[in-house]
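# Need coordinates for the below:
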Amino acid sequence: MSWTDERVEILKKMWGEGQSASQIAKELGGVTRNAVIGKVHRLGLSNRAGSGGGAKTAAKDKAAPKAEAKAKPAARKPAEKAKPAQTDAKPVVPMRKAIIPAGQPLPPQPSANEISPEALAKVNEVEKKAKKISLMELTERTCKWPVGDPATEDFWFCGLPVQAGKPYCEAHVGVAFQPMSTRRDRRR
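Below is the predicted model of the structure:
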C-alpha cells in the first residue's frame, strides 16, 4: 500500500473531522492503525485531546489551547513553595546518583586498599605496555578499560587483547571482577 495524494487527502479530511486512526484505517483499507498514526505524525497534523466525535471534537480541540493558556497559574517563586503538612511519617527520599558534569571532580572511589596489591601491580605494569587507543579504535578484541578523565585529551583505553568472554584484558579483569566473598567482606 502506498500513500497516494488522494489517500492522504482522505486521511487529512477524516483526521480533521476527529475520526480515530482505527476508523481512518478501516475506511482507507489495506493500512493499519499504526500506519495512519505514523502518517499523521509525519504530516505534522495537530494532536487531538479527545477521542473521535466528528467535527464538534475538532472545533473543541481548536478552542481548547486558548482556554488552557488562560487557565495556567503563574509560576511560583522559590520562596512561595508550599510547606509540607506535618505528619509522624518519615519523608521518602528518592535514591538517585547525581550526574557529574564533565570536568568536575569525581566522588570518592573505592580505595586501592580494597583491591589486592598483586592485581594493582599487574595493572600498573600492563598500563605501561597498553596500546592507548581511542574510542573509535575499540573492537571486540581490544580491552575497553578506560584510563584518565574523559573530559581531557589524555584519556585513552587500554587496547590490549581481551580475555575470552570479557571486555577487558587479563590484568583489568582481575580488578573489575572480584570474587563474591571479597565484595561481601568489604561491605561489612
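# Strands of this structure, residue ranges please.
All strands of the chain, identified by DSSP state E, fall at 146-147, 156-157.
# okay, now the domains of the protein?
The chain breaks down into these domains under automatic domain parsing: 5-71, 113-187.
# circling back to that earlier point, so which of the strands of the chain has the densest surroundings on average?
Stretch with highest mean neighbour count among the strands of the chain: strand 156-157 (a mean of 20; mean count of other Cβ atoms under 10 Å). Backbone N, C-alpha and C define where each C-beta goes, glycine included.
# name the helices or strands packed onto that strand?
Identification of packing neighbours for strand 156-157 by 3 or more Cβ pairs under 8 Å, 6 or more residues apart in numbering; DSSP states H and E yields strand 146-147.
# same question for the strand it packs on, mean pLDDT?
Averaged over strand 146-147, pLDDT sits at 90.
# Just checking: what are the partner strands of that strand?
Sheet pairing for strand 146-147, assigned by DSSP bridges, gives strand 156-157 (antiparallel).
# per-residue confidence averaged over the partner strand?
92.
# start at 4 instead
In the new count, where the first residue is 4, that last one comes out as strand 159-160.
# ok, back up a step: export the domains of the chain to JSON lines and tack on distance to P104?
Formatted as JSON lines, the domains of the chain follow (distance: least, Cβ to Cβ, whole Å):
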{"stretch": "domain 8-74", "distance to P104": "34"}
{"stretch": "domain 116-190", "distance to P104": "9"}
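# looking at those, which one has the lowest mean pLDDT?
Looking at these, the bottom one is domain 8-74 with a mean of 76.
# quick revisit: please identify which of the strands of the chain is closest to E143.
Closest to E143 of the strands of the chain, according to Cβ to Cβ: strand 159-160, at 13.2 Å.
# For that closest one, which outside residues touch it?
Contacting residues not belonging to strand 159-160 are listed as 133, 135-138, 140-141, 145-151 [Cβ atoms under 8 Å, 6 or more residues apart in numbering].
# please redo it, this time with the cut-off set to 6 Å
K135, I136, L141, K147, P149, V150 (Cβ atoms under 6 Å, 6 or more residues apart in numbering).
# quick check, nearest of those residues to G21?
The closest of the contacts of strand 159-160, once distances to G21 are taken by Cβ to Cβ, is L141, at 52.3 Å.
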